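In: model the following, please.
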Amino acid sequence: ETVRISEVSEFDDATAKALGTGKPVIIYCYGNWKEGTCDSWCPDCVDADGIIKKKAKECDAILIEVLVGDRDRFVLYFAL
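Out: All right, here's what the predicted structure looks like:
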C-alpha cells in the first residue's frame, strides 16, 4: 500500500494510521516531479525510487511518500 502526502498537516495522521496496521512502514521523502516528466528534480530520489518501492513491496510495507516540494522550496527550507 502506498500513501502519498503533500502537506505537513497530513503527516501525523498518515503515519499513525500506517503504524496502527502492524505492518512495516517506510517513510520516503522525495522531490516533486519535474513538470512533464516522471523524474524528480532530485537526482538521488531518481536513483533511489525503484529500490525503495521494490523493498516496500518485498516487505509488504506501507510506503508513505512525502513530497518535499520543488527544488527552490526545498533549498529555502531544508538546505544548510
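
In: quick one, strands of this protein?
Out: Remark: strands assigned in the chain by DSSP state E are 2-5, 25-30, 62-67.

In: need the residue closest to the centroid of the protein.
Out: Ranked by distance to the mean C-alpha position of the chain (C-alpha atoms, centre = their mean), the top residue is Glu65 at 2.5 Å.

In: quick one: the residue lying closest to Pro24 once chain neighbours are set aside from Val46, how far?
Out: Using C-beta to C-beta, 6 or more residues apart in numbering and skipping the chain neighbours, the partner closest in space to Pro24 is Ala61 (4.0 Å). The way it works is simple: take the backbone N, C-alpha and C, and place the C-beta from them, glycine included. Remark: distance between Ala61 and Val46 (C-beta to C-beta, to the nearest Å) = 21 Å.

In: now do Cys38
Out: As defined by C-beta to C-beta, Cys38 lies at a distance of 9 Å from Val46.

In: the two: which is more packed in?
Out: Neighbour tally, Cys38 and Val46, criterion other C-beta atoms under 10 Å: the higher count belongs to Val46, 17 against 8.

In: residues in contact with that one?
Out: Taking C-beta atoms under 8 Å, 6 or more residues apart in numbering as the criterion, Val46 is in contact with Asp39, Ser40.

In: can you tell me how far it sits from Thr37?
Out: For Val46, the distance to Thr37 equals 10 Å [C-beta to C-beta].

In: and if you look at Ile5?
Out: Shown here: Ile5 relative to Thr37, a distance of 21 Å by C-beta to C-beta.

In: the more surrounded of these two?
Out: Neighbour tally, Ile5 and Thr37, criterion other C-beta under 10 Å: the higher count belongs to Ile5, 16 against 9.

In: how about the lowest-mean-pLDDT helix or strand in the chain: buried residues?
Out: Taking mean pLDDT, DSSP states H and E as the measure, the chain has helix 71-78 as its least confident helix or strand, at a mean of 71. Of the residues in helix 71-78, those scored as buried under the neighbour-count criterion (16 or more other C-beta atoms under 10 Å) are Phe74.

In: can you get me a residue count around Arg35?
Out: One correction, residue 35 is Glu, not Arg. A total of 7 residues lie near Glu35 under the criterion other C-beta under 10 Å.
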